[in-house]
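Chemist: using only what follows, build the 3D model:
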Amino acid sequence: MTLERPVEPARTQREYVCPMHPQIIRAEPGTCPICGMALELRVVESTESDDAELAAMHRRLQVTTIFTVPLVAIAMGDMLPGSPISHALGTGFSWMQLVLATPVVLWGGAPFFVRGWQSIRNRRANMFTLIALGTGAAYVHSVLATLVPDAFPAAFREHGGMVPTYFEAAAVIIVLVLLGQVLELRARARTSDAVRALLRLTPPTARLVTDAGDRDVAVAEVQIGDRVRVRPGERIPVDGIVEEGGGTVDESMLTGEAMPVAKRVGDRVTGGTVNGTGSFIVRAERVGDATVLAQIVRMVAEAQRSRAPIQRLADRVAAVFVPIVIAAAAATFVAWALVGPPPPLAHALVNAVAVLIIACPCALGLATPMSVMVATGRGAQAGVLVKNAAALETLSAVDTLVVDKTGTLTEGKPTLTAVHAVDGDDATLLRLAASLEQRSEHPIAAAVVAATTARQVAPDRVDDFASRPGMGVVGTVAGRRTAIGNRTLMEAEGIDVGALADAARRTAAEGATVLFVGADGRALGFLAVADPIKPSTQEALRRLREDGVTTVMLTGDTRAAAEAVARRLGIGEVVAEVLPAEKRAAIQRLQAAGHTVAMAGDGINDAPALAQAEVGIAMATGTDVAIESAGITLLHGDLRGVARARALSRATLRNIRQNLFFAFAYNLLGVPLAAGVLYPFFGIVLSPIVAAAAMSFSSVSVIANALRLRHVEL
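Modeler: This next block holds a predicted model:
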């Protein structure tokens, strides 16, 4: 088959690889020595598709059609009563067909004869072996019948003593195979549309900030450490940190959320996202292949070239298929030569050629990789990045999903979730707390300050600030001695929080951290800070439960916090306070119990468990180590992606099975028909031309069925 160029981030190195046999790698374009497919480019320098092979095949199709139409008209016209054309032209009838058919077979069919010879030389027979043998036999026979007709015995001659020729059959077969190749190449090019769409998110140029002023350069020229200006409405060209200015950035490409995110000095930005308002300067930290977008594209491209385990079935069948077809063609020839109607050898040749032409191992070979390529592209559009085909296939059999808590079920960062003021004055309580916490560097303090900023509560001046490690902070706020922290700090400051004990206990039981607030020796209330559950988690777990998947929480967090989240989400089994190695051991225990396990996590501590599970699922918002350890990455960072990935897995396997059925059924039906099994009963013989059309249709039907995955509901 024709090698095609996969769509990947711009790089300077180029390698051509077979889409069906990834182990075949060449430095130059060519064809696969195993299956005959055209090699595809592993890396490209632009988002444009490489249509050189498609253009070449299309040109051959156009030229050969010009010669074949009059050839068929002549051959068909002579089938009228009295054979008027052959009687009018005499010996010139065969010579005219020879002139018209030769450029079609020798030039138009040259790629197929080359691939057929390569398959024989490499001892890896494929569809082009059959095409070359069939059309070659028909053409050589016809040439000899034209040049030296007297050399043929009577068994080859018709009633009038003429030796039949099959120029039109050989030519039409070549044209139909060319048509099938053009349709196939066009269809295969569509499988990478989703990846090309991702690549187009990166702008081609960047505005580089230099001492001599700003200048536009190709984005490939930007180096780590360079400063790039991003104006309103522009896509950010590189990953980096905002150094000057600020703006609001649409990060829906990564998060799935439509709400723009405010970016200020020190915030990180990602290449491919869109700056809505404001202007800022970014110092590049990741460029080229190192950007988040490039890594996403690479994962999708690698998944499209990976092989699903079910492909082994097609490989085993294809390995013995062509020799069986050749043997069937030989048996057909012998049978027709011995018991066929006159002229027996002529009928034997026609039916043997039909058997060779109608069989199509290409349909078997395309059944799995085409579905995988289309499915990974569809997954990328839905925020599901498939790292390899094996993970996609296995996910449909998963019965247990193990999930990390922080960053997977929850947002992964502390947030102020409740304010409980004794006198109902929440604003005063928040102002006192924020005034102290703005001087603290603790993550919980940052959550309190962020909440007060969002509520437009202005903090007061703080004097005599002091941090009490393990307890909280104290200081003087607007002349009031104020403390915020745990019960131990309150006791140290002589503040009685007994009246708040019951409410605080209920809040803590829900997994929140309670911060008591007191001033001038009196308890004012408390704040609750927790890692909130993602809004999408409930829906995701409901879909998975309905799909028969049991969820197990596996976390290093405290058991109280883990069980509080589990109760709210309806998760029955919780394994808490575990180290990374213990997480892996927990996965192994589930596997030993006979479960097929998928693990979803986002941290470095999840990496061993992700690698141990049959399917590792990482959040794109997590660490690089977790992503590398997983077979599937959820771009939007929420568990609904697991349900989408499972739906994609089932649809893909269903599509592959349909493709394999089409390929097997087609060949089981087609080969006997071509051999002439209907002739004794109905007098029907399958023409090689019809066989060629059917052969091309088999491959196109498999590709068309695979392309239906582009529209599958997830």
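Chemist: quick check, Leu71 in a helix?
Modeler: Yes - assessed with DSSP: H, G, I helix; E, B strand; the rest coil, Leu71 lies in a helix.
Chemist: so what's the nearest residue to it once chain neighbours are set aside up against?
Modeler: Computed as C-beta to C-beta, 6 or more residues apart in numbering, the closest residue to Leu71 that is not its neighbour in sequence is Leu100, at 4.1 Å. Every residue, glycine included, has its C-beta placed from N, CA and C. Going by C-beta atoms under 8 Å, 6 or more residues apart in numbering, Leu100 touches 67-68, 70-71, 74, 167, 171.
Chemist: could I get these as JSON lines with secondary structure and neighbour count?
Modeler: Conversion of these to JSON lines gives the following (DSSP: H, G, I helix; E, B strand; the rest coil; neighbours: other C-beta atoms under 10 Å):
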{"residue": "Phe67", "secondary structure": "helix", "neighbour count": "21"}
{"residue": "Thr68", "secondary structure": "helix", "neighbour count": "26"}
{"residue": "Pro70", "secondary structure": "helix", "neighbour count": "12"}
{"residue": "Leu71", "secondary structure": "helix", "neighbour count": "23"}
{"residue": "Ile74", "secondary structure": "helix", "neighbour count": "18"}
{"residue": "Phe167", "secondary structure": "helix", "neighbour count": "29"}
{"residue": "Ala171", "secondary structure": "helix", "neighbour count": "32"}
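Chemist: picking that back up, render the CA-only coordinates of the helix or strand where the residue nearest to Leu71 lies in CSV, please.
Modeler: Taking DSSP states H and E as the criterion, Leu100 maps to helix 92-102. In CSV, the C-alpha atoms belonging to helix 92-102 read as follows (Å, rounded to 0.1, in the frame of the first residue of the first chain):
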residue,chain,number,x,y,z
GLY,A,92,-5.8,-4.8,-37.1
PHE,A,93,-8.4,-5.4,-34.5
SER,A,94,-6.0,-7.1,-32.1
TRP,A,95,-3.2,-4.6,-33.0
MET,A,96,-5.4,-1.6,-32.2
GLN,A,97,-6.2,-3.2,-28.8
LEU,A,98,-2.5,-3.8,-28.2
VAL,A,99,-1.7,-0.2,-28.9
LEU,A,100,-4.4,1.1,-26.6
ALA,A,101,-3.8,-1.4,-23.7
THR,A,102,0.0,-1.2,-23.6
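Chemist: low-confidence stretches in the stretch 51-200 of the chain?
Modeler: Applying pLDDT under 70 to the stretch 51-200 of the chain flags the ranges 51, 77-84, 86-91, 126-127, 152-161, 180, 183-184, 186-199.
Chemist: rerun at 90
Modeler: The model of the stretch 51-200 of the chain has pLDDT under 90 over residues 51-58, 71-95, 97, 112, 115-200.
Chemist: so where do the helices sit in it?
Modeler: Remark: helices assigned in the stretch 51-200 of the chain by DSSP state H, counting those that start in this stretch are 52-77, 84-89, 92-102, 110-121, 127-147, 167-190, 193-199.
Chemist: same question, the stretch 401-550 of the chain
Modeler: In the stretch 401-550 of the chain, the helices defined using DSSP H, counting those that start in this stretch lie at 426-437, 443-454, 487-492, 501-509, 537-546.
Chemist: so which of those gets nearest Ala382?
Modeler: Of all these, helix 537-546 sits nearest to Ala382, with 13.6 Å by C-beta to C-beta.
Chemist: packing partners for the next helix or strand after the closest one?
Modeler: Using DSSP H and E, the helix or strand that follows helix 537-546 in sequence is strand 550-554. Judged by 3 or more C-beta pairs under 8 Å, 6 or more residues apart in numbering; DSSP states H and E, the packing partners of strand 550-554 are strand 400-403, helix 537-546, helix 559-569, strand 573-575, helix 580-592.
Chemist: which one of these lies nearest to Thr428?
Modeler: Within these, the stretch nearest Thr428 is helix 559-569; the backing value is 28.9 Å (C-beta to C-beta).
Chemist: in the closest one, what's buried?
Modeler: 561-566, 569 (16 or more other C-beta atoms under 10 Å).
Chemist: returning to what we had before: out of the helices of the stretch 51-200 of the chain, deepest packed?
Modeler: Most buried of the helices of the stretch 51-200 of the chain, by mean neighbour count (mean count of other C-beta atoms under 10 Å): helix 167-190, with a mean of 24.
Chemist: could you export stretch 675-682 as PDB, CA atoms only?
Modeler: Backbone C-alpha positions of stretch 675-682 (Å, rounded to 0.1, in the frame of the first residue of the first chain) are rendered in PDB as follows:
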ATOM      1  CA  ALA A 675     -13.500 -19.800  -9.600                       C
ATOM      2  CA  GLY A 676     -16.800 -20.500 -11.400                       C
ATOM      3  CA  VAL A 677     -18.800 -22.300  -8.800                       C
ATOM      4  CA  LEU A 678     -22.100 -21.000 -10.300                       C
ATOM      5  CA  TYR A 679     -21.300 -22.100 -13.900                       C
ATOM      6  CA  PRO A 680     -22.500 -25.700 -13.500                       C
ATOM      7  CA  PHE A 681     -25.900 -24.500 -12.200                       C
ATOM      8  CA  PHE A 682     -26.500 -21.200 -13.900                       C
END
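Chemist: alright, calling it a day.
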